[in-house]
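**Student:** sequence isn't available, so here's the structure alone:
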């Protein structure tokens, strides 16, 4: 799709231009706030948009793109169906082959050729209907609003109201947003998945106690069996008599007989 069919818009803040609709792709450049861009088209949910800025072309976050509508500044995810911004897809081979030949990252073609872009975390499908859509619908509630013509500090529709951004007080989260470490149902960080309903939770695991050994005094020691007394074959002064020796008298035989 050429620039002739693109919609004029501008950036509402510093935003990275990427070589594809994912933060993992190489960064083409950084577009400052208030820069006019041509919006070639956006993904169906306007999470990423294909834009032209000068001689650079690439993908930027949709909520950082705005345009003038009926004398005020509106954001692309809110008024894309009203303005008629085209819905486009991303074909890696065609896109890189057309716009990035000779670029510093062209040598990484083989690395990115089969990469599957990830959906924006927490960015769901847009509300139904032709629009306009509720402000800040992509993060579950009203978000920072652009300046409107006639407001104090208005600078052409490119700025943001001064002071802290509107929203819930610190520690509170609007519908659809969760504290760090908590995620919406069905949305989990890469490599993390919910436990099955019947799976034991970490605080339900029981740790088996170490085996108990009996104290030393409870061990039974086998008694030593008595040793037989040595038997003297020939007591001192006694020797076997010859087979043909005469019997000894009642007082016994003299020694040596």
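**Tutor:** Received, thanks. All of these numbers come straight from a predicted model, not from anything done at the bench.
**Student:** shaky segments in this protein?
**Tutor:** 1-6, 140-208, 214-223, 225, 228-242, 253-257 (pLDDT under 70).
**Student:** how does it look with 50?
**Tutor:** Scanning the chain for pLDDT under 50 picks out the ranges 1-4, 141-170, 183-199, 204-205.
**Student:** what about the helices in it?
**Tutor:** Remark: helices assigned in the chain by DSSP state H are 76-83, 92-99, 109-112.
**Student:** columns distance to residue 11 and mean neighbour count on top of these, output as JSON lines?
**Tutor:** Quick note: C-beta positions are derived from backbone N, CA and C, even for glycine. Below are the helices of the chain laid out as JSON lines (distance: least, CB to CB, whole Å; neighbours: other CB atoms under 10 Å):
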{"stretch": "helix 76-83", "distance to residue 11": "11", "mean neighbour count": "21"}
{"stretch": "helix 92-99", "distance to residue 11": "19", "mean neighbour count": "14"}
{"stretch": "helix 109-112", "distance to residue 11": "25", "mean neighbour count": "12"}
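**Student:** make a markdown table from those and add distance to residue 119 to it.
**Tutor:** Shown next, in a markdown table, are those (distance: least, CB to CB, whole Å):
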| stretch | distance to residue 119 |
| --- | --- |
| helix 76-83 | 14 |
| helix 92-99 | 16 |
| helix 109-112 | 17 |
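**Student:** which non-adjacent residue is nearest residue 80?
**Tutor:** The shortest distance from residue 80 to any non-neighbouring residue, by CB to CB, 6 or more residues apart in numbering, is to residue 46 (5.1 Å).
**Student:** and residue 83, by the same measure?
**Tutor:** Take residue 83 and drop its neighbours on the chain: the residue closest to it by CB to CB, 6+ apart is residue 7, 6.0 Å away.
**Student:** who's the one you found bridged to?
**Tutor:** Judged by DSSP bridges, the bridge partners of residue 7 are residue 39.
**Student:** run a quick neighbour tally on the residue nearest to residue 80.
**Tutor:** 27 (other CB atoms under 10 Å).
**Student:** could you pull up the contacting residues of the residue nearest to residue 83?
**Tutor:** Residue 7 is in contact with 38, 39, 67, 83, 84, 85, counting by CB atoms under 8 Å, 6 or more residues apart in numbering.
**Student:** measure residue 123 to residue 14 for me?
**Tutor:** Distance, residue 123 to residue 14, using CB to CB, to the nearest Å: 20 Å.
**Student:** with neighbour numbers in mind, choose between the two.
**Tutor:** More crowded of residue 123 and residue 14, by other CB under 10 Å: residue 123, with 20 against 11.
**Student:** contacting residues for the closest residue to that one other than its chain neighbours?
**Tutor:** Counting by CB to CB, 6+ apart, residue 123 lies nearest to residue 47, which is 4.6 Å off, once chain neighbours are set aside. By CB under 8 Å, 6+ apart, the contact set of residue 47 is 21, 61, 62, 77, 119, 120, 123, 138.
**Student:** if you set the cut-off to 6 Å instead, what comes out?
**Tutor:** Residues counted as contacts of residue 47 (CB atoms under 6 Å, 6 or more residues apart in numbering) are 62, 120, 123.
**Student:** can you list those in CSV and add distance to residue 108?
**Tutor:** Shown next, in CSV, are the contacts of residue 47 (distance: CB to CB, whole Å):
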residue, distance to residue 108
62, 25
120, 22
123, 26
